[in-house]
Each structure stands twice: as structure tokens, then as C-alpha cells.
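> build me a structure from this.
(chains A, B and C)
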Amino acid sequence: MADQLNIDTIRTNLQGKHGDEYWRSLEELAETDEFREFLHREFPREAAVWDESYGRRQFLMLMGASLALGGLNACTKQPAERIVPYVKSPESLVPGESLSFATAMVQGGYAAGILVTSHMGRPTKIEGNPDHPASLGATDAITQASVLSLYDPDRSQVPTNRGLISTRDKFLQELESALRAQKSVGGAGLRILTETVTSPTLGAQLRELRRQFPKAQWHQYEPVNLDNERQGAMLAFGAFAQSRYHLDKADVVVALDSDFLIHGPGAVRYARDFAQKRKVAGDKKTMNRLYAVECSPSNVGAVADHRLAVNSREVETLARMIARTVGIAVGGPDLPQHKQWIELLGQDLLGNRGSSALIAGPYQSANVHALVHAINQHLGNAGKTVTYSDPVEIEPVDQSESLRALTQEMHAGAVNTLIILGGNPAYDTPADLEFKQALGKIPLSVHLGLYNDETAAESTWHVPQAHYLETWSDARAYDGTTTILQPLISPLYGGVFSQHELLEEVLGRTGRKSHDIVKEYWRDRTRSGDFEKFWEISLNDGVVANTSLPAKSFRVRLPDSVRNGSAQKNSGFEVLFRPDPTIWDGRYSNNGWLQELPKPLTTLTWDNAALVSPSTAESQNLENGNVIELRSGDRTIEAPVWVLPGHVNNAVTVHLGYGRTHAGRVGKKRGFNAYALRTSASPWSAGSVVLAKTEKRVRLAATQMHHSMEGRQLVRSAPLKEFLANPNFAKELGAVPTSEQTLHGQHEYDGYAWGMSIDLTACTGCNACVVACQSENNIPIVGKEQVLAGREMHWIRIDRYYKGSIHDPETVFQPVTCMHCENAPCEVVCPVAATVHDSEGLNVMVYNRCIGTRYCSNNCPYKVRRFNFLQYSEEDEPTIAMQKNPEVTVRSRGVMEKCSYCVQRISSARIEAKKESRSIRDGEVVTACQAACPSQAIVFGDINDQSSRIARLKAEPHDYSLLAELNTKPRTTYLAKVTNPNDKLA
Amino acid sequence: MVVLLLVLGIIAWAATGIYKAGYTTGVGVPVEQPIPFSHEHHVNGLGISCEYCHVSVREASFAGIPPTNTCMTCHSQIWNTSPMLAPVRASASTQRPLSWVRVHDLPDFTYFNHSIHVNKGIGCETCHGQVDKMPLTWRVNTLFMSWCLDCHRNPEQHLRPPDEIFTMNWNPADGKPGKELAADYGINVKQLSDCSICHR
Amino acid sequence: MKNNVQHITIDNQPLIKPGHTYGSITDKITSDVFERKTPKGLMVGLAIAFALTMVLFLSIAYLLVKGVGIWGINIPVAWGFAIINLVWWIGIGHAGTLISAILLLLNQHWRNSINRFAEAMTLFAVGCAALFPLLHLGRPWVFYWIMPLPDTMALWPQFRSPLTWDVFAISTYFTVSFMFWFVGLVPDLATMRDTAKKKWMKVIYGILAMGWRGSAKHWHRYETAYLLLAGLATPLVISVHSVISFDFAVSVIPGWHSTIFPPYFVAGAIYSGFAMVLCLVIPVRKVYHLEDFVTDRHVDYMAKVMLATGLIVAYGYAMEAFFAWYSGNDFEKFMMENRTGGPYGFMYWLLLLTNIAIPQLLWIPKIRRNLVWLFIISIVINIGMWLERFVIVVTSLHRDFLPSSWDMYYPTIWDWATYVGTIGLFLCLMFLFIRLMPMISIFELRQLLPWKSGQRKH
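Numbers count the residues shown, from 1 in each chain, chains lettered A, B, ... in the order given. So this is what the prediction gives:
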């Protein structure tokens, strides 16, 4: 594949060549590998198509059958279909119409409000809840994909006792007897391990637990936690203050190793606020400016106007330098090479007192967070761009500490009964704690989880957990707003518990259902007024009215430890641990949508890799796919290398969540387990690591091979100044055909004319749109081998290009989907007219007419068409089939497919409008990608309606069409990327 | 050569004949159901309106098949011992739904919406025929794509005024001419033959 | 009476070795079918060819079970071996029609000893070619939607699409070539009928001969029909490959979107066609000792035709490169850079070597007349023409407009199996033809015999 980076190239290229030229030669040399591979070719593809399940007989049988079918298919009748009506039809349900319910998805303990579409009782699609402060109608990629996990056939379905299938009753008996023993000793041997908890109900239950078992302990742990943030607040304020940013008020944003636009409790909301402040359109001609200091390239770094790549230890030093430049007396050394950068940044901050914001990432030390608090307060940002409140969590603790305490006791044998409410500690806890071994020592360990995972295998009991769409609960958002989670469907598999139900059993109240538990909690809370009304409204809105935490002012008092700071010792070669952009800490590793979702920047799928900078690759003589051994102390892992431009030197980034041994069919045995190298002392980086190259190679499946624009004007960008001077710069960058003539005549549109606009200034490359589209349009996953073959099926893809030097390239994102060309090259070449123009300007793909010549794809300049080379849609998984959107045809083998502008949504809107004899209102049709987009980069609507939002955006001076020179006249156009660099730095 | 052509011709003619015949298209062939339900009796005899059972026909894509309770509203009182209705009573008592056989079954890649048709002047009779004359239910149309297109390409011929939608044996001559109705309903005929109207 | 004997000659040399009579010709050619024991070589060859044919059937079956995903194609390279082979086979077919029809009209008598052979080759080649457009469909079982048939969907094919044109072009071409070949066979089939010993053979050849008695009326009708068909076939030689070339020329892809395609596809087709004829004639001539009928000069002429068409093809390549530069279009320019220097660059240079460089040896009469050399060169040309199609189809597609979607194409074992399989099928049919049919037109050879004025009758 073209991803084979040849070492000699890098060496030769690092000398002399620059810019696009560099990338070209990089690519060309890579090709010598392809050449080699081309000559002595092993056939990787067959692995995918020639599966072992075909015995000779079965093959011949199928062969015969298919030959027969081949002939008959055309003239067979459909089998008789049956209609099964209700016995008593439920109210509010109209057969064939979809309903939508408000609930919330909980990640890292924090809730994001969602609306779930349900077809005849099957939740099929997740949208953001506009009334929820953490969502405002948008979602992230993981939330979009969570609906697939609900139907995952690999979810655990029965309680197991020491690996053997057992029953709910047997489990309850054993639990009950164990607890009776604990009662006598006040629960001295009883431990509860949860993840981060913001659920008021769960909190109440845990308090009750403490009352019943005074000596029992409650521990919290998540592998990707906010410990540093909490500790930083402690250092700065002496309290677990919760900081909340208001980026819609920030003109200058400084991110210190923070991916605040993509990850973290408020990310979706932050992305929205940030984008609002950044977009230039209409009269708004001002932008915010983003400085990013980071170690491992992130989306924030890509969006930033100024990006600085440093080693993780240096970030604190830089934070101190910033503090000094804005006038806070703190100690610590200077980094001369970055002095000027920091100076100018400091000036910019001082120039924007009260309208700037510093954000520190969870990967940075408590000191950095403390310093950031100090600087924000010093600049008068506190109360404006950042506010503080009491903690959202029920009981904020240092989770690493909490886990260490627990494991020590477990090793010491002080724990008789351990109840693990969710999470997978046997897999995702730091290696040095040896939790797994400790778990083996517990007489009764109960694991409540969605999967029969590594922890389940080590526990005495595993109890299936109800998916969040199957049960009642409650949780709080980053600002404290509380949502009551309601189930969309009764549990698919029997014998399941929710956290509340299991805890209730522990509390001796057997057989109670989550609904009653949650409802009762809230009944007790609401003194005033009509509870049922309150309950109904809260459920309907998806938020409990005025539960957002009020802003409080905290005074910063930096302890001397932070003020003086310690000299930063150079830690040699570092390994940076980061959550995986798609499968997070590993809990989503059995979710095919997320596994096949190209990771931002690398576009890797199905694997994690050791990300290194080109110069590191050169010095270590590494190319993509080479397996390296990373040794830290006595621990080692083996990982395939991926060269990532812009990565800091002498460091390697590894993503958590892979190398699962018990994860189900999708996630099992993929990538390597980075936890094996992680220590509780420093969870985000390991210093002085030894890197050794091995002879092994791994084929990594990336969806984008070529990284240069080849000097073509695909992503058009300019600094704000330039844009203001010449608003039409984008149009002028490419030749637009003057002649309107086409061989096949113009289309006329008297009615609607649908179109889309994508704002490249706002796009953060977060991938939410990709998964949203996948779940709305029944897009199948194809697996690693097929991705390697270049057959991924995503209807919308995020192209990523690099510009400039390899060490610190400018990264640009460009979402590309079907452009719905007026003069569509695909339409004229289809021999059976399976892809045609409709009267509203859509380029429609008629699957049932397609015979699969693939000519349309060849003739598509944007290569946005996707082909079912094999039978991709899962026919043999009944539960997966339940997720499918009934409004969209499920494509079979041998047909072409592509973005349809969510034509099913247009149709239903049109039908409703026609029934009311009115025309469709602007904003009534919202495509799946548009709805999901956190930064609202995508806008869809009727171009013929001059008052519509889309029409106004198309009228913007910096609106341009991709490959306009081909005279395809795309309906989807782009708003050029406008940046806002600091001239003094530029 | 001539003979050959002749033979081919005959084969082709026979083939089309077979393709159009009832036993391949199901036209005019009563479908066996768990209960021999008679539209004739209920519509013609008792004068029950279509919407009494097919409740969602105006607002949803699916016209709706009545839940057992709807049957029991009457049949708990009358014919409540008739052996013919045993399955209904069983369903009501066991809460197990009845399972009917689809008479009009379109392929899954075809998206038909009842509500827009009945709201825009297409009567039940136009597609389902005179069900009031059907002791058992059968199809009167092939449901071939060409059949759909006949109407989608020029719907005027079939349009009815809003109050005649559920009328059986309606005579177009009684109403406004189709052209005017099309205008009243605001039907965009040009659009009706877009692929995206029925296929997504 | 030697003195008033006239020979049909070209540059004063007879097209047929002196000393042959009607009888001797008839005996020689019919005996190859009747008396002569099937040569070992032929049996072995047939066995191998048959084995390969089975490979073809296997890969077709697996294709139908699994789908085109078993091939190496992907997005962006959605067309691979299937289309390459289609064009290649169709091209090969051309020689047949050209030799029979055009040379007949041009009254080139030297064609008579090779046309039957070439026509058969055409048929089989077009047959192989016709397989691919069918197999490469995602849903082959609904292929007939391409044809304008009355159906229950009230839909027509899309007449703007070159693929629809292909259907007409190829089917017409096949039909006409078949009739041309068969009509040409009729008199000889009659001869076979008369010379056949066994009853059942008489019956079979009799039916095929369609009651030919060789009366003057028959001959008259025959001549007219044959001439008409020749007239019909001639434009088809040009049209078929022009239409095939539209598949590419009509598109927007740099490297496809080119006005020069039709002529240079046709030239290439004839080029490869003659190469294939030579590949087959040379060995057969040896095995069956047909040196008398397929004389060295035949071979020489064919070599010259190859040389000529080869130069036209070379011109085509030159023009492509020139216009890539002259157009000033960045995409076109890059296409050429990528062709020459890209990952598939070596294919392009190999193509220039096999298709242009090596064939220039044919300028040298010595080599042109040396059968071994000629055989090797024509093999090389066939390879070259296949490479040409690979370069056009794959290298143009794998890097088009958006670098983000660039990817590589690697054929899989199934691609190769299908390709080699069709070669097997082709040879299989060829062997059977040689064994069971008069591979050289008897009566047309007779016309080449020396004759005295007024003596020419049959």
C-alpha cells in the first residue's frame, strides 16, 4: 500500500526539499514499496473473501444455488408477508410512524442530552437534545454509535458463575449470604467499585449503603479520568471547584495539551461556542484566535492558528513562562527556543483581558491546571470566559489514589466482597497495580457489565448490565444539569441488572426495578407541586428544570510548591498514553462503526499504532507497519509504527483500548494493549522508554494514502486580513468555466432546489457526521481486510491534507460527500439510468435498478460513490437488523450507493407539507450529518428560497465549489477556511 | 429462418401471457386468512367506514390493520360464539395477536405512503378495487411498477374530490374534471415520476 | 500446354505452390479432418486448453457465489482485469473481419488461404470478450436491463451511456461475423459432406451445408450474399472498437477523456489481431504442413500490416503525451507524469518496449520472414496490447482528481484465473475448429489455382 514510508526517502527529503514538493517525493518513494509488493504479490484480499467456512460441498452447493438464482432471480415472486397487528394498540403509537424520546448518554460519568428515534419500539437513531446545555442538538461520534452497541449480539446475556452459565436467583442467593456475613462486621470486607458517578439516585443509594455498612468503602476509577483537573482545582482553590468555559465570550483561546473541542464532558458544547465565535459570515467579520501547545497532534492542534509541539514535561514550563509574561510571579526555567512565541502569546492575552481563556488538558499535571486557574483569574477571565461551581460529581476523588487503596486492600486480603458496577478494571487499570491478580484473591467478586470481558472472566460472578437505552437512571452534565434517563426498549436479553437494581439488592431491597428506584428518589426530592407533572415534563424535555449549578467565585491561592516549581528533568524518550479517538478506553471496542471510523489525522481503522514523528522514524530507521518494542522498566509492549507529521520528536503516542482478549467478535485481538505499559504514578506518559525495532511487520488499514493536495486548489484558505482585503479570494483561486453549455441541457427547478454548504473554518474533523450518516443510512461496515482493499463504505468522509514543512505541517480537514452535481458525470454513463436527477436537483441513486457496472464511480471526480463489492450488510444478525432505519433501503451485494442528502427526510417533510398544503419551511429538513455536527459547519436547505439560511451562505463571497473547473456545478459547496494568525508570529 | 422467428414469437407471447396471468401476479386470487373476513359483509352489509378499522390511513404511511380489540368491540356481543371467530376470541383472551397475510405486498425498496394518496384525491377503490364486493379479499391490480407509473405519469384520470375518497363504485363523471382537481390539490405531476418519490 | 497457363500472382510469384490441382487441395484439406490421425500435439494442447477452461468455469462460479469483490477492484479503481480483457479480446477479433471482409472487397486474393482461419478466431475472441461485460456486473442476473426490452417496469435503458452502445456494437459485430464465417463455410461443408465416409458425418455436414449443390445459381447467390456481408462487416470493423473506445473517451477522467481514442483503438485492434493470427497460423502451418497454401509471403504481408498499424498506435501514444502537455491542464499533465513516473510507471515503459520498440525489428526482411522471430514478436505484441489496456484503465483511475481518494489496484488470484481461463476457452475452441472444420477455404484456394481461359468451373 501507499502507506509504506521508505526510510531513505525521509532521509533524502529532510535534506533540502520543502513544502508540497516534499510530500510528493515522500509519496513517490513509498511507491517503490508498492512496486515491490506488486511484483511478488501475496494476495491479502482473498483472506477477506475466501473465508474458511466454505467447505467443498457447501461451496458446490452454494455455487449451484447461485447459478440457479442467477437465472431465476429476475422472475421469482416474493414470499407471502404477514401482518401482525396489536391486540390492544398502545396510545401515541401510529404504526409506520417514528417517535422520539429524550434521554442522555453518559460518558466518563457526565451526561449529554439526546433524542432517540424509535421505529415501532426499536431505537434506531440518536440525535442531540436541543434543550440540553451540553448538546444543543449536536452529538459526538461515540454517542452516535452507541445505538449499535445496544443491539450488539456479543453482549453478555446471562449471569455467569466462575465462567459457567448460571441464573439470576443463584446469584442473588450467593450475594445475599455474603452480605449477611458483611452485616455482622459492618461491611468491613465490602467494597464497591464504580466509574465516575454523577447520578443523584446512585449517590443516594451509595449513601444508604454507607449507613447500612459503616465500614464498607466506595471506590471510583476510570482509566481516562479527570484526576489532574480535580487536583489542580484543589491546589489552586483548596476545593474541588468545577470549571466551565464560555468560549462564546473568548477572543483568544490557549489550549495546553487539551483536545477540548473533541473530548471531555463539555466538548460538544465547547465546539459549538468556539465555532460561533470563529465563523465569518454575513456581517460578522471577526474571529477568535486559538493557540495550541500539544505533544501528540490533535484536532485542536489542526484547528489552531498557532501550534507548538513540545514534550509533555515542557508544557508545565511553558505554562510558567506564560504566567510570568502576564505578570504572575512563578518560578521555573525558561525555554529560550520558545521564548518569543510565549512573549507574543502573552501580549495577545494581556490585550484580551477578560475575553481570553486558557484550557489545560486532562493529560497535564495538576500544577499546570493550577497555573491555568491562576492565569485565568489574573487576566480577569474568571467569571467571564470561565466560571466555577461546586463539583458536578457526587463525590469527587483522586481516582488513581482510590484505585490504589482498593488494590492494596485486595492484595492484603482485606476484601471479601467486591462489587464492580460497570467498568473493566481487570483490563484497563495501570499495570503496576496488578489489579487482575488481586481480583483473583477475592472470595466473592461481582462484575456488572455489558460484556463478558476480561474482568468478567476474573470475577466469581458476572451479571449482564442493562444498556443505557434499556433502563432508567439519571445523570448530570458538565454544568450540573440533570437528565432523567428513560429506556427506549425493554432489555433485549434476560437476567440483566441496572446499576441501581444491583445496588438495591445489596441494600436488601430485593426485586425493585430502576423505574421505581429513580422515580422514588425524585419524588422525595420534589417537595413542591404536582410530582407527576414534574416527572412528565422532565422526561419530555430531557432535562430537569434549573438543575444547572450556579457560578461561584473561588479565590486562587497558589501553594509554594506550585509557585516555585521544580526544575524539569529531561525524561528522555517518552511514551504518551491517550484515549483512542474512536473506541475510547476500550469500552467501545466491539462497536464496528467506531472500529471502522477513520481516526482523525491518521485515518487508521481497526488498529492502534505507535505514532512517531518523521525525524524520530528516521533516526530509529522506522517505516509504517514496522513493529517496535517499547520497554519501560521491566514492562514491554510491541506496537506497529505509524509516522505522524507534526508529532513531537523523541516521543511516541500510543492509544488505549486495544489488545482486548475478551471483547466479542468485532473488538477481540485487535491492535496492542497499551495499558500494559501504564503506571498509576504517571498515567499519561512514561519517561525514559527504550525503543527497539523488531523484524515483524503489521499491515495497518488507513483510508487515506496521499497527504498532499498536489498544488490543486481543493481546500482554499486565507488569513482573516487577506480575506477582508479580498473577500472573493476563494473563487479566484480556481478557474470556473464561463460557458454554461453542456451536451445534455440544463435542468429547470420551479420547486425546491436542495443544496448544502460546508464551512471549512468551523470543521474540526471530529467525525460525528460520519457515524451519524452511517446510522441514519444503514451503511454497513466492511472489516479491516476490505478497508485495506480500498472498499470502505462511508458516504461522507473527512479528507485530511497537509501543507508546508513535515515537522510542523498545517493540517486541514475537508468533509467530502456526494456533491449532487447539476451536470453529474455519473448520470450520463449509467446504462440503466439507475442514477438520475430528480426534479428538486437531487442526484438520486436507485439501488433496485442498479446492475453494478461501477461506471458511475469511475466517472465521479469526487470518488464519493461506494460499491457493495461483497454482501456487506449483515443479513445473519437478527439483532443488528433491528437497528436498521426502515426508511432507507438496505443495500445488497453488487449495487452502488452514495450520499442521498437524506432523501428519506426530505420525502417525509414534503409529504407532511403537502398534506397541510404548505411548502417546506427552512430548517424543516435537517440531514443526519448536519444535525450531528457540533460546530454547525454543515447547513442544508432550499437554494430557491432566497430567505433560507443556505441561500444566504451560498451568497457569501468565500463560497466555492470543489473542482469547479470541471463544470459539474456541485449542489454542495464550501465556505473557504479563514484563519486568524497573529501577524507578529506569522 | 421464418419458422425460427415464428417459434420465438410464440415463446415470447406465451411468456408474457404467463407473466401477466393471475397465478403469477395474484390478481383476482383470494388470499387465505386465519379468519375468512368479508369486506363485503362489513362494508356493504353493515356500512362500516374504511377508517373505522384502517385508522391511520389519513396520517400515516401504513393504513393500519385493526387490533383484536377493534373486532371485539362488536364481536364480544354478536356472533360471540361463532366458531368462525374462534381465533379472534382466542387472541383477545391470550393476548396473542392475530397474524394476517398481506394481500398488497410491495417490495421493501418501494416506499408507499397511504396518507399522501388519500389526502390528495386517490380513493381506496382506485388501487384496492371494490372491496365492498369482496367476500374474501384479493388484489385487483398487478402492482407492477408500470401500473404505478400509469397513474404517477398522469394522475388526473384517477383523482376524486376529498369527500369521495372512501366511496366505492364511484363514477369520475360525477365529479370535477381531474385537471382542476390536480390544481386544487396542488399536485406537481412532473415530480411524481421522480425515482426518489418511491425509492430511497 | 504449360505455355498458356496463367497463375494468379502477386509480384510475379504464385500465391500457392505450383503443382496443385483441385483434387489435391480438396484431399489435403479434407483429409486433415477425415483421414489424418489427430496429432499428439493437438491432443496435448487441447487437454491443457480444456483444463484452463475448467479454471474459467470455476472462477465464474465462485464469482457468482461471492460477487465481484473477489477481484482486486476497489474505489477508485472500479474497473480492472474484466474491462482490460474485454478490450483486448475484442481487439484480437478484428483481424478476422478485416482479413475476410476488407481484403475481399479490395480483391486481395492472398487472403484466401488465411481468411477462414482468421474468421474463426474472430468469433471465438469476440465470444471470450463478450463474457467480461457480463461477469463484471455487480448483479449479472439482471444484465438484460441494459437492452431495450418491454418490461413491467415501463423503463428503458439509458441511451446516453456508452455501455448501452457497446451492447449494440458487440452483438451486431458478433452476429455479422458469424454469418460471414458460416456463409463462407457452406460450399466447403458441402465438399466435406461429399468426401465424408461415415454416414453420421455425412448427415451432420449435410445439415450444415444447407443443401448446397454447387449449381451456378447457388454460386451466383453465394457470391452476392458473401459480397453483401463483406460490405456489412467492413464498417463494423471500424465501429466496434470506436464504440468500445467511447467507454473511455466519453468520461471525464484524465487519461480517458481523449478525442484520439477511436482511431487509435481501431489501429491497435488490428495490430493485435494480426499478431494473434500469426501466433496461431505459424504453428498450425508447421503441424499440418500447410506451407504450400500459407506461403511465406502471406506471413510477410501480415508482418507488414502489423508494422503499419503498430506505427499508428505509436503515433497515438505520442499524441496522448503531446496533448497532456499542450492542453496546459494540470490534471492532464499530472496524468502523464503519473503514467511515466508513478507507481505503475514500469507498466508504461514495458508497454512502449513491447508495443513500439521491439516490433520495429519487422523492418528487417530477414526477421520478418523468419517464422521463429515473427512468432515471438507477435506474442510480444499481444502482451504489449494487453499492457496498453492496463495502463489506460488502471493508471488513469487510480489517481484522478482528489488525492485523498487515490489508491492502488492489485489483481487477485481470481483476476488471473478468469483471464487465463478465457485464453484456455479460446484455444479450446480453436483446436476443435482445426480438428473438425476445413480450416482453409477449399474453394477459395481453388480460385488461386493456375487456370486456362474458359476452364474455370467447379
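> name the helix or strand of chain A that has the lowest mean pLDDT.
helix A:44-49 (a mean of 38; mean pLDDT, DSSP states H and E).
> can you list the weak-confidence ranges in the chain?
Picking chain A for this. A:1-78, A:566-570, A:738-744, A:986 (pLDDT under 70).
> oops, I was thinking of chain B
Along chain B, segments meeting pLDDT under 70 span B:1.
> what does chain B have sitting close to chain C?
Contacts of chain B with chain C, taken as C-beta under 8 Å from any C-beta of the partner chain, map to B:19, B:142, B:144-146, B:149-150. Every C-beta, even on glycine, is put in place using the N, C-alpha and C of the backbone.
> which of those are buried, as a ChimeraX select command?
Buried residues within the residues of chain B next to chain C, by 16 or more other C-beta atoms under 10 Å in any protein chain shown, are selected in ChimeraX with:
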select /B:142,144,145,149
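> contacts only, for the residue most central in space within chain B.
A centroid search over chain B (C-alpha atoms, centre = their mean) returns residue B:128, at 3.1 Å, as the residue closest to the centre. For residue B:128, the contact set (C-beta atoms under 8 Å, 6 or more residues apart in numbering or on different chains) comprises B:104, B:140.
> can you list the residues of the stretch 1-150 of chain C near chain A?
Residues of the stretch 1-150 of chain C found near chain A (C-beta under 8 Å from any C-beta) are C:61-62, C:64-70, C:72-79, C:136-146.
> closest to residue A:314 out of the residues of chain B next to chain C?
Of all the residues of chain B next to chain C, residue A:314 sits closest to residue B:145, with 67.8 Å by C-beta to C-beta.
> distance of the closest one relative to residue B:26?
Between residue B:145 and residue B:26 the distance is 16 Å, computed by C-beta to C-beta, to the nearest Å.
> what's the answer for residue A:613, then?
Noted for residue A:613: a distance of 68 Å to residue B:26, by C-beta to C-beta.
> tell me how far the closest residue to residue A:848 other than its chain neighbours lies from chain C.
Leaving aside its sequence neighbours, residue A:848 sits nearest to residue B:109 (C-beta to C-beta, 6 or more residues apart in numbering or on different chains; 4.2 Å). Distance from residue B:109 to chain C, counting by C-beta to the nearest C-beta, to the nearest Å: 12 Å.
> quick one: contacts for residue B:109?
Going by C-beta under 8 Å, 6+ apart, the list of residues near residue B:109 reads A:847-848, A:889, B:199.
> could you redo the last one with a cut-off of 10 Å?
A:846-849, A:888-892, B:198-200 (C-beta atoms under 10 Å, 6 or more residues apart in numbering or on different chains).
> buried ones only from those, please, as a PyMOL command.
Buried residues among those (16+ other C-beta under 10 Å), as a PyMOL selection:
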select buried, (chain A and resi 846+847+848+849+888+889+890+891+892) or (chain B and resi 198+199+200)
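> the contacts of residue B:109 in helices, which ones?
Judged by DSSP state H, these include residue B:198 as members of helices.
> which two of the contacts of residue B:109 have the greatest separation?
Most distant of the contacts of residue B:109, by C-beta to C-beta, are A:892 and B:198, 18.1 Å apart.
> in chain A, which residue sits furthest out from the middle?
Farthest-out residue of chain A from its mean C-alpha position, per C-alpha atoms, centre = their mean: residue A:184, at 46.6 Å.
> excluding its backbone neighbours, what's nearest the residue of the stretch 851-986 of chain A found nearest chain C?
Of all residues in the stretch 851-986 of chain A, the one sitting closest to chain C is residue A:852 (1.8 Å; C-beta to the nearest C-beta). Nearest in space to residue A:852, with sequence neighbours left out and distances taken as C-beta to C-beta, 6+ apart, is residue C:138 at 1.8 Å.
> ok, now how distant is the residue of the stretch 851-986 of chain A closest to chain C from chain B?
Residue A:852 is 15 Å from chain B, by C-beta to the nearest C-beta.
> quick one, what contacts that residue?
Applying C-beta under 10 Å, 6+ apart to residue A:852 gives the contacts A:832, A:834, A:867-869, A:893-896, C:67-68, C:78, C:136-140, C:142-143.
> hmm, try it at 6 Å
Applying C-beta atoms under 6 Å, 6 or more residues apart in numbering or on different chains, we find residue A:852 in contact with A:894-895, C:137-139.
> what about it, distance to residue B:7?
Distance, residue A:852 to residue B:7, using C-beta to C-beta: 33 Å.
> got it, and residue A:643?
Per C-beta to C-beta, residue A:643 is found 69 Å from residue B:7.
> one more: residue C:270?
39 Å.
> ok, now residue C:126?
For residue C:126, the distance to residue B:7 equals 26 Å [C-beta to C-beta].
> who has more neighbours, the two?
Using other C-beta atoms under 10 Å in any protein chain shown, the more surrounded residue of residue C:126 and residue B:7 is residue C:126, with 23 against 10.
> find the nearest non-adjacent residue to the more buried one, please.
In this structure, residue C:126 finds its nearest non-sequential neighbour in residue C:93, 4.5 Å apart by C-beta to C-beta, 6+ apart.
> next: residue A:811.
Per C-beta to C-beta, 6+ apart, closest to residue A:811 is residue A:302, 3.8 Å.
> element containing that neighbour?
If you go by DSSP states H and E, residue A:302 is part of helix A:299-303.
> what sits up against that helix?
With contact meaning C-beta under 6 Å, 6+ apart, helix A:299-303 is reached by A:255, A:259, A:261-262, A:292, A:294, A:307, A:600, A:764-765, A:811.
> now the helices for chain B?
Applying DSSP H to chain B gives helices spanning B:2-20, B:22-25, B:39, B:50-53, B:68-75, B:86-94, B:114-119, B:124-128, B:145-153, B:178-185, B:189-192, B:195-198.
> tell me which of the ones you listed lies nearest to residue A:794.
Nearest to residue A:794 among the helices of chain B is helix B:195-198; the distance by C-beta to C-beta comes to 21.5 Å.
> show residues contacting that closest one.
With C-beta under 6 Å, 6+ apart as the test, helix B:195-198 has contacts from A:836, A:838, A:842, A:844, A:846, A:903, B:110-111.
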